[in-house]
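Q: Provided below are the primary sequence and the corresponding predicted coordinates.
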Amino acid sequence: MHQNQSEVNTRSMKRTSKSMKPISKTAHFFFLLLFLHCHSESDHTALIYHHCTNSQTPTSTSTSEALSSLFKSLITHSTNSTFHTQITALNGIPISGEYQCRGDMSSTACQTCVTQLGILSNRLCAGARNARVQLRGCYMRYETDGEVEEEVKNWELVHKECGQIKGYAYDEGTGARNGALWAVEEGIVRSGNGFWEARNEGVRAVAQCERALFGCDCAECVGRAAEVAQEDCGGALSADVYLNGCYLSYTTYTYPSGYKKNGSSGRVAAIVLGGLASIGLALILLMFFKSCGKKDDD
């Protein structure tokens, strides 16, 4: 009797080990492809730049407490608004501050972004009287020596990043980009909220103005940012330009035909990988359902 029970247990363990065998290398490869695809989405909390103006005198405890109170208030407002500005006074210390999230972000993503702004402001600009921290999806600035400046018509270049430059034909690559930049510049005038996204022949462009800019002033700032992208970044496949008043970015997600002249088959590879990833996901789901079916039969 005891021996028969042992045989039953042994067969059960073998059956379990078969159903729990490691995922094949092929499945691992497709999981990796899917992860890379998801991870390629822009990280809203990625740090772009920070500017801190330090005082000659150490920051007092009262100022630190006022800053902490300001950060908490901004984070609270970020749950239902993509923009907020206010003046906080604590123990006679007035501090003005504001944040703004990208126009296409959800309230949850905005709150996460603004929360990270508070953390980074404390870490990167500890003791600073004035500071601005720019993340991929939001920015925050504060001043302890007066109200936040609302006159932002000088369009000063604050930060720029040019992506990888490829040797495709100028007209083929930059023509699509310039079309997308023109579309976003034209569209932002009638956006109503200072945010616009446009796509043109495989190029995606996004622009947003700070809340102090509206209408033609906003379009003028975005137009200046487009000029910087065209002149300074040349044939780059992507660029991010931040001015004092607005930002603009573009990304090439479908390479122009001239891209192949360098011997690259990037577009074909992207299509192939996309198809393989879809097939791989179907295979993985099929394996999963088969495994579930076997367990139900047992």
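A: Sure thing, it's come through. Keep in mind that this is a model prediction, so the values were computed, not measured.
Q: Going by C-alpha atoms from here, please, whenever you check contacts or count neighbours.
A: OK.
Q: How confident was the prediction at the nearest residue to F195 once chain neighbours are set aside?
A: Among residues not flanking F195 along the chain, Q208 sits closest, at 4.4 Å (CA to CA, 6 or more residues apart in numbering). If you check Q208, the pLDDT there is 97.
Q: can you tell me which residues contact Q208?
A: For Q208, the contact set (CA atoms under 8 Å, 6 or more residues apart in numbering) comprises R102, G103, I188, G194, F195, W196, V222, C246, Y247, L248.
Q: Is the last one bridged to anything, and to what?
A: Here L248 sits in beta bridges with A207, V241, as judged by DSSP bridges.
Q: That one contacts V228, correct?
A: No: using CA atoms under 8 Å, L248 is not in contact with V228, being 9.8 Å away.
Q: Please identify which of these two sits among more neighbours.
A: L248 (29 against 20; other CA atoms under 10 Å).
Q: Tell me who's in contact with that one.
A: A205, V206, A207, Q208, V222, A225, A226, D240, V241, Y242.
Q: how much space between the residue nearest to F195 and I95?
A: 25 Å (CA to CA, to the nearest Å).
Q: Next: T79.
A: 21 Å.
Q: Also E156?
A: Distance, E156 to I95, using CA to CA: 24 Å.
Q: Which one's more surrounded, those two?
A: Set side by side, E156 and I95 show more neighbours around I95, with 24 against 15, by other CA under 10 Å.
Q: Give me the local confidence score for that one.
A: Value for I95, per-residue pLDDT: 87.
Q: Around V158, how many other residues sit close by?
A: 15.
Q: Same check on the one 4 residues further on?
A: Using other CA under 10 Å, C162 is surrounded by 18 other residues.
Q: quick one, what contacts the nearest residue to it once chain neighbours are set aside?
A: Nearest in space to C162, with sequence neighbours left out and distances taken as CA to CA, 6+ apart, is A239 at 4.4 Å. Contacts for A239 (CA under 8 Å, 6+ apart) come out as K160, E161, C162, G163, A229, C233, S249, Y250, T251.
Q: Swap in 7 Å and give it another go.
A: E161, C162, G163, A229, C233, S249, Y250, T251 (CA atoms under 7 Å, 6 or more residues apart in numbering).
Q: Output the contacting helices and strands for the helix or strand where A89 lies.
A: If you go by DSSP states H and E, A89 is part of strand 83-90. When contacts are defined as 3 or more CA pairs under 7 Å, 6 or more residues apart in numbering; DSSP states H and E, strand 83-90 sits against helix 61-77, strand 93-101.
Q: swap the cut-off to 6 Å and go again
A: Under the contact criterion of 3 or more CA pairs under 6 Å, 6 or more residues apart in numbering; DSSP states H and E, strand 83-90 touches strand 93-101.
Q: could you point out which element follows the strand it packs on?
A: helix 107-124.
Q: buried set for that following helix?
A: 107, 109-118, 120-121 (16 or more other CA atoms under 10 Å).
Q: Any chance of the residues you listed in a markdown table with pLDDT as columns?
A: Formatted as a markdown table, the buried residues of helix 107-124 follow (pLDDT from 0 to 100):
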| residue | pLDDT |
| --- | --- |
| S107 | 93 |
| A109 | 96 |
| C110 | 97 |
| Q111 | 96 |
| T112 | 96 |
| C113 | 97 |
| V114 | 97 |
| T115 | 96 |
| Q116 | 96 |
| L117 | 95 |
| G118 | 92 |
| L120 | 94 |
| S121 | 92 |
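Q: Closest one of the residues you listed to Q134?
A: Nearest to Q134 among the buried residues of helix 107-124 is L117, at 7.9 Å by CA to CA.
Q: returning to that earlier point: roughly how far apart are the residue nearest to F195 and N130?
A: Counting by CA to CA, the gap from Q208 to N130 is 23 Å.
Q: for this protein, what spans make up the strands?
A: For the chain, the strands defined by DSSP state E occupy 47-54, 83-90, 93-101, 128-135, 138-143, 157-162, 195-200, 203-209, 238-243, 246-252.
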